[in-house]
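Novice: I would like the atomic coordinates for the input below:
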Amino acid sequence: MEENIFKELGFTERETKVYLALLEIGETTVGQITSKTKLQHSKVYETLDKLVEKGLVSYIIVSKTKHFKASDPKEILNIIEDRKRRFKDVLKELELKQQYSKSKQVAIVHEGFKSLQALFNRIADELQRGDSYWAFAFKEEYLSETAPLLLRNFHKKLEEKKIDDRALGHASVKKEIKNNFDNNKNIKIRYTNNETPLGTIIIKGKVINLIWGDRPTAIEITSEQIYKQYKKFFDEIWKRAKS
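Specialist: Reported below is the predicted structural model:
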């Protein structure tokens, strides 16, 4: 039991054996410690040096021979407290590093229709019931053939998973957007005359900007900070927009 505790505190097996032997024997020489611990003479000397450095062993010289003595076991508590104080000194720095890693911003570019299809499939798979998918809808793109079909199929998957699905569209294409999602009972759509960042998706710590055309492109940005800014912006317009 004692040895397990010492191991948890960072002591080696030899350090534990030598220190416990000294506690039992009292002030003594290397020979007696060697006999008690069954360790090699050289290893006992090496271990004693380390324990002296830690402040757990002291010695005196009697007739040119070192006599070693274990420090009060309470000294181990002082060592633990000292470690805690030193750790507190670096704790803030460690927390800052953790904060930085969490706030790292990554941008991935998806090019081509197939790539966009794969992106939307992944989003549909990753979103779970209770998650939100908020988007600033396209404008002219709803007049094309491919964009409405892709989006209609995608939002049908969100309907099946009961995702908080919202879209903010421009009032000028209200008819086209309504027709596109006529059979979807889950998506909530509101319209505004304000200019908004068209084709922008806001989900789970990410913002995705879509550009339609001959070669559709999506720029997927992972950033908690940007996500929160866009979500707040969306929510402000949503509250003023009309169904």
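Novice: can you list the domains in this structure?
Specialist: Following automatic domain parsing, the chain resolves into domains at 2-71, 106-240.
Novice: looking at those, which is nearest to R85?
Specialist: Closest to R85 of those is domain 2-71 (CB to CB; 15.0 Å). All C-beta atoms are positioned from the backbone trio N, CA, C, and that covers glycine.
Novice: how far off centre is the top helix by length along the chain?
Specialist: Longest helix in the chain, counting residues (DSSP state H): helix 74-102. Centroid separation for helix 74-102 versus its chain: 20 Å, with CA atoms, centre = their mean, to the nearest Å.
Novice: mind listing what's buried in that helix?
Specialist: By neighbour count on 16 or more other CB atoms under 10 Å, the buried set for helix 74-102 is I76.
Novice: just stretch 205-222 next, same as before
Specialist: For stretch 205-222, a neighbour-count test (16+ other CB under 10 Å) marks 206-210, 212, 216, 218, 220-222 as buried.
Novice: same question, stretch 128-139
Specialist: Within stretch 128-139, the residues that count as buried by 16+ other CB under 10 Å are 131, 133-139.
Novice: TSV for those residues, including pLDDT, distance to I76 and secondary structure?
Specialist: Below are the buried residues of stretch 128-139 laid out as TSV (pLDDT from 0 to 100; distance: CB to CB, whole Å; DSSP: H, G, I helix; E, B strand; the rest coil):
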residue	pLDDT	distance to I76	secondary structure
D131	95	50	coil
Y133	96	56	strand
W134	97	56	strand
A135	95	60	strand
F136	94	62	strand
A137	90	66	coil
F138	85	68	coil
K139	81	71	coil
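Novice: now do the strands in the protein.
Specialist: Applying DSSP state E to the chain gives strands spanning 57-62, 65-70, 106-111, 132-136, 164-170, 188-192, 200-203, 206-211, 217-222.
Novice: on that earlier part again, tilt between the longest helix of the chain and strand 57-62?
Specialist: Between helix 74-102 and strand 57-62, the angle comes out at 140 degrees (axes from the mean of the first three to the mean of the last three CA atoms, to 10 degrees).
Novice: helix 74-102 - contacts with which helices or strands?
Specialist: Using 3 or more CB pairs under 8 Å, 6 or more residues apart in numbering; DSSP states H and E as the contact test, no helix or strand touches helix 74-102.
Novice: avg pLDDT for that helix?
Specialist: Across helix 74-102, pLDDT averages out at 80.
Novice: still on that earlier bit, of all the domains of the chain, which lies closest to L91?
Specialist: domain 2-71 (18.4 Å).
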